[in-house]
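A.B. asks: Got a sequence here, can you model it:
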Amino acid sequence: MFDMPDFDAHEAVTFVHDAGTGLAAIIALHSTHLGPAAGGTRFQPYASADAALTDVLRLSRGMSYKNAMAGLPMGGGKAVVLQRPDTVKSEAFLLALADAVDALGGRYVTAEDMGMSEHDMVVLARRTRHVAGLPVAAGEVGGNPGPMTAMGIFLGMRAALAHRLARVSFTGVHVALQGCGSVGTALAERLAAAGARLTLADADPLRAAALAARLGGTAVAADAIMTTSADVFSPCAAGAILDDASIAALDVAIVAGAANNQLATPGDGARLAARGILYAPDYVINAGGIINVVAEYLGRGDPATVNADIAAIEGRLAAVFAEAARSGRSTDVVADSMARRLIGRD
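C.D. replies: Next up, the predicted model:
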């Protein structure tokens, strides 16, 4: 593990196995320099345990960068739970996961991510207090982080439009959006309300078709969305989708979306820049959800304060874009440099 390309002086990596429930999970703490390592739990199939380990190493590092760039007093961590054909996400299964989180003594704070729900967090909270993303009453901060993530993506995309296309409005802007889950749907709704033209795709074609029909957009096959001619490509599903081949096939001016770890390799940011495509670093633009979750966990702030903190994503990205243009470096390199200074790893 220590020789893996994505191992970046992670402080701790915990392998969890519970024979009684079949739980197999990995919890990675990248940095606690700024505070407890915060990041959601992901429940999904993996091709192998090595693939899961690579994913959690990359995701936890991304959370360190995300939380630092968002100005949060939290470090970065992540948990991945391996979904196998015979896996049953039972109450006992979730409680075993909660015990693993609690055993870290507050060094790791979790919330829902792909494949997990608010209800799952409620079950975890029965055994550990180091969990957020719980249901909240109207007027309180917290709850499902998806809509807040979408809000940040929308505002960050607006910064990208201003920088790359000198546009101040979404009216008539064509967005090709990949992934119609919680975040993708909330983002599509915001974009449609602002006058954008939408092309949507999802692994579930019926879900994309239904959302497109409701919002007046167009649905295309999942394997066609990345070659759609548009102003913006917005990846809101799986990560590592931007590689040499897919970048060469893009027909957009901007990439700005919610997916984590969008770049497959460290050189892919430079490939985007070489093609004149403005890339909004994923962990900067998609921080809205964690801003909301941290406010809930720390018991501070109100919806107005959280909204103001999320609104700062727009200016933060504008600063990244400006520095990239000034220095000639790609936006991902600029953002990484900023984040690493903040966590004491420059």
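
A.B. asks: Report how many residues lie close to residue 312.
C.D. replies: Residue 312: 15 surrounding residues under other Cβ atoms under 10 Å. C-betas here are computed from N, CA, C, even on glycine.

A.B. asks: if I look at it, how far off is residue 156?
C.D. replies: Relative to residue 156, residue 312 is positioned 10 Å away (criterion: Cβ to Cβ, to the nearest Å).

A.B. asks: And for residue 115?
C.D. replies: 25 Å.

A.B. asks: buried stuff in stretch 46-56?
C.D. replies: 46, 52-56 (16 or more other Cβ atoms under 10 Å).

A.B. asks: and for stretch 101-108, what are the contacting residues?
C.D. replies: 12, 14, 27, 29, 32, 36-39, 77, 79, 110, 124, 127-131 (Cβ atoms under 8 Å, 6 or more residues apart in numbering).

A.B. asks: Can you find the helix or strand in this protein with the smallest mean pLDDT?
C.D. replies: helix 288-298 (a mean of 92; mean pLDDT, DSSP states H and E).

A.B. asks: quick one: pLDDT of residue 11?
C.D. replies: Per-residue confidence (pLDDT) for residue 11: 98.

A.B. asks: which SSE is the nearest residue to it once chain neighbours are set aside in?
C.D. replies: Take residue 11 and drop its neighbours on the chain: the residue closest to it by Cβ to Cβ, 6 or more residues apart in numbering is residue 29, 4.8 Å away. Residue 29 belongs to strand 23-31 when assigned by DSSP states H and E.

A.B. asks: other SSEs contacting the following helix or strand past that strand?
C.D. replies: Downstream of strand 23-31, the first helix or strand assigned by DSSP H and E is strand 37-38. Packed against strand 37-38 by the contact rule (3 or more Cβ pairs under 8 Å, 6 or more residues apart in numbering; DSSP states H and E) you find strand 23-31, helix 49-69, strand 75-82, strand 108-109, helix 288-298.

A.B. asks: Next, format the ones you listed as CSV and append distance to residue 99.
C.D. replies: Conversion of the helices and strands packed on strand 37-38 to CSV gives the following (distance: least, Cβ to Cβ, whole Å):
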stretch, distance to residue 99
strand 23-31, 10
helix 49-69, 18
strand 75-82, 13
strand 108-109, 13
helix 288-298, 19
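
A.B. asks: quick one, which of those is nearest to residue 96?
C.D. replies: strand 23-31 (4.7 Å; Cβ to Cβ).

A.B. asks: quick one: the helices in the stretch 101-250 of the chain?
C.D. replies: Remark: helices assigned in the stretch 101-250 of the chain by DSSP state H, counting those that start in this stretch are 118-124, 146-160, 182-193, 205-215, 244-249.

A.B. asks: counting contacts, what elements does the shortest one pack onto?
C.D. replies: Looking back up the chat, that one is helix 244-249. If contacts are counted by 3+ Cβ pairs under 8 Å, 6+ apart, helix 244-249 sits against helix 268-274.

A.B. asks: got the contact list for the helix it packs on?
C.D. replies: 242-244, 247, 250, 255, 263, 278-279, 281, 324, 330-333.

A.B. asks: list the buried ones in that helix?
C.D. replies: Across helix 268-274, burial judged by 16+ other Cβ under 10 Å covers 268-273.

A.B. asks: now do stretch 302-311
C.D. replies: 303, 306-307, 309-310.

A.B. asks: Between the two ends of stretch 40-50, how far is it?
C.D. replies: Stretch 40-50 stretches 20 Å from its first residue to its last (Cα to Cα, to the nearest Å).

A.B. asks: what distance separates that stretch from the centre of its chain?
C.D. replies: Averaging C-alpha positions (Cα atoms, centre = their mean, to the nearest Å) puts stretch 40-50 15 Å from its chain's average.
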